[in-house]
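Visitor: fold the stuff below for me.
(one chain, ligands or ions: 1)
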Amino acid sequence: MALLAVKERIAALRSEIERHNYRYYVLDEPVIPDAEYDKLFRELQTLESNHPELLTPDSPTLRVGSAPLKSFAEVAHRTPMLSLNNAFSEEDVRAFDARIREALDIATVEYAVELKFDGLAINLSYRHGQFVQGATRGDGNTGEDVTENLRTVRAIPLRLRDAAGVELIADIEVRGEVLMYTRDFEKLNQQQRAQGEKEFVNPRNAAAGSLRQLDSRVTASRRLSFFAYGIGLCEGVTLPGLHEQQMAFLASWGMPVAVFHRVVSGVEGLLEFYREIGGQRASLPFAIDGVVYKVNSIALQQRLGFIARAPRFAIAHKFPAEEAMTSLLDIDVQVGRTGVLTPVARLAPVFVGGVTVTNATLHNEDEMRRKDVRIGDTVIVRRAGDVIPEVAGVVLERRPVDAREFVMPLVCPVCGSHVTREADEAAWRCTGGLFCPAQRKQALLHFASRRAMNIDGLGDKLVEQLVDAELVSTPADLYKLGMNAITRLARMGEKSALNLLDAIEKSRHTTLARFIFALGIRNVGETTAKDLAQRFGSLDSLLTADTERLQQVRDVGPVVAQSMVDFFAEEHNRNVIEQLRSQGVCWDEHDPEPDKIGVLTGKTFVLTGTLASLAREQAKAVLEALGAKVSGSVSKKTDYVVAGLESGSKLERARELGVAVLDENEFLLLIEGL
Ligand code: IVH
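Guide: Residues are numbered from 1 along each chain as shown. So this is what the prediction gives:
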């Protein structure tokens, strides 16, 4: 090939490979199979190694990392990298808006609102549209040169190009955040585990640890991501006058900009965004620690200026921290409803996730060993959303010399029965069954709980007393209780006793769904119980169903079906059910639903990501009406995965398993055609 032709081919390959990188790493919508991509990549590598003089820093082949550095060079930022002031309450936000309205003397301010990414601030410098340097924030004036590491981050464009391949010729500094998606964090920790390496406590530490590697080949082996949120400097092209437009400008030149942002007006718009994102926080594919409000007009931003190290025109509205540090005072073992022994950390009280936490789960023995948690340690406690608080990790630097390892008991700490652990399970279980008072108590509490039989007032303390006094050992015994027995309990006056009897009486008339849920069958949650009740209509038709029939119910797979069959095969359980019925516990029944036959009968779908044109619930309803089963997780049995925007691990899993993936348009075409 003539040199000119080689040069052209190299340019075309680079452009095409980067376009695929963008589709894959930013949009999560690859358009060619991996093998095709690899072919292009190898062709470029070969041409470059035959013509080293044509290798330039914007080549995607350099994304695999290069020889290790001795240390990072310092970089003086051309414009300082500032921080944001924080708002922790609605009042703080109202005060922020009031200050701005006053300073600008306008009635209603237009704001650009976006996510506060929980990663590391980075400055990317592009010269003539080519990525030349990347630096950490450092002290705001001087950061570290991590160019080689950032080059390995596939989401960061090495050259600014629009979708048509046109190159932007400008000098521009892009500000944004490097982070690690939760799924990539989990994968990394799995790997660390497999290699006997220390795990990272959270995605931010993992991102920081990966970016601050002197050997960029290590960084290349970790999947980091990037989102832009601002522009530092810009020469050679005129920027639009609104922050929102500037973000759209960056996105149009291939910069990753998160989809969750919008323009709102006035303080109510800010608070609404906060609430909305707060509700979605747990289901986002990456960690955020708040939202950011910015005056949308750049001219107004300039008028407002800065105070000390932070802009006056922007503020971060923080969510309650999901992690906090505290000391681990002791470890206890709790016995759950199904006999599982759970080690629980007793903690010095700490405020996390919006509540004060004194206990956190250590999950099981393996987890506790893996995290190397010891009594006396300083630990990081995490409470995300509504999930129960857990010990996320240990701060080893603070381990006292007398920290002690905890040993799991060899017998059930409650009933003394021996404990077993099955080969494929992480949990030790008490073999005492309902002989074990702990299991009995938990089973009763579950039976009486609000979403089950809803026996008002039958809480921890009372169940404890009833079981310890041997007045109650199965749920059926509750319906045999009389005034005399109850009033003999400590602190039980006549009035409370009457209230309890009244609540028990009221619970006699229930629904089949509640009853099924109340039985506490392993793996049968509230939704499954509802679906089962709907499908089978009566307890007897459920009792006689085999695993195959059970699996016709949505979200019931082989495991759930088997635990149901096992539960109903147990004589003790049958007995309790019969006793409950003869005690007058009842519900309305109907005929079983006929097997649904639709065009999609027998097909299993998984929905993931956000669909633009319809809510997930709607999509699910449509599919079910057509006879399809909609499941929550991807397996070999999945026929189709419908992937909307920001699809994460499920999409990846589908690709791994070779399951057909439909994008929104294809999905709409499919259902319209039926
Ligand atoms: S704007 C001049 N926007 O939060 C304003 N910062 O304390 C500069 N951050 O160091 C920051 N998400 O790393 C901005 N959407 C966002 C952000 C964001 C995360 C980080 C950033 C900065 C820190 C501010």
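Visitor: name the helix or strand for whichever residue of the chain sits closest to the ligand, please.
Guide: Nearest residue of the chain to the ligand: residue 121, at 3.1 Å (CB to the nearest ligand atom). Where you see a C-beta, it was placed from the backbone N, CA and C, and this is true even at glycine. Using DSSP states H and E, residue 121 maps to strand 120-127.
Visitor: burial check on the nearest residue to the residue of the chain closest to the ligand once chain neighbours are set aside, number of neighbours?
Guide: Closest residue in space to residue 121, ignoring its immediate chain neighbours: residue 137 at 4.1 Å, by CB to CB, 6 or more residues apart in numbering. A count of neighbours around residue 137, defined by other CB atoms under 10 Å, yields 19.
Visitor: from what I can see residue 137 touches residue 122, true?
Guide: Yes - in this structure, residue 137 is within contact of residue 122 by CB atoms under 8 Å, at 7.3 Å.
Visitor: can I get stretch 115-125 as CSV, trimmed to CA atoms?
Guide: The C-alpha coordinates for stretch 115-125 follow below in CSV (Å, rounded to 0.1, in the frame of the first residue of the first chain):
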residue,chain,number,x,y,z
LEU,A,115,-26.7,14.3,39.1
LYS,A,116,-23.9,14.6,41.6
PHE,A,117,-21.7,11.7,40.6
ASP,A,118,-19.8,10.0,43.3
GLY,A,119,-16.5,9.6,41.7
LEU,A,120,-13.3,11.7,41.1
ALA,A,121,-13.2,15.1,39.5
ILE,A,122,-11.1,15.1,36.4
ASN,A,123,-10.0,17.7,33.8
LEU,A,124,-9.6,16.6,30.2
SER,A,125,-7.6,18.9,27.9
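Visitor: so how far is it from its chain's centroid?
Guide: Centroid separation between stretch 115-125 and its chain, computed with CA atoms, centre = their mean, to the nearest Å, is 20 Å.
Visitor: and for stretch 302-318?
Guide: Worked out by CA atoms, centre = their mean, stretch 302-318 lies 31 Å from the chain centre.
Visitor: report the rounded mean pLDDT for that stretch.
Guide: For stretch 302-318, mean pLDDT is 93.
Visitor: list the buried residues for that stretch?
Guide: 304, 311-318 (16 or more other CB atoms under 10 Å).
Visitor: between the residues you listed, which is closest to residue 642?
Guide: Checking these against residue 642 by CB to CB gives residue 317 as the nearest, at 33.2 Å.
Visitor: make sure the closest one is actually in contact with residue 274.
Guide: Yes - contact criterion CB under 8 Å: residue 317 and residue 274 qualify, at 5.3 Å.
Visitor: what's the neighbour count on residue 645?
Guide: With other CB under 10 Å as criterion, residue 645 counts 15.
Visitor: could you look up the SS state of the closest residue to residue 347 other than its chain neighbours?
Guide: What sits nearest to residue 347 in space, not counting adjacent residues and going by CB to CB, 6+ apart, is residue 326, at 5.0 Å. Remark: residue 326 carries the secondary structure label strand [criterion: DSSP: H, G, I helix; E, B strand; the rest coil].
Visitor: thanks a lot, see you next time.
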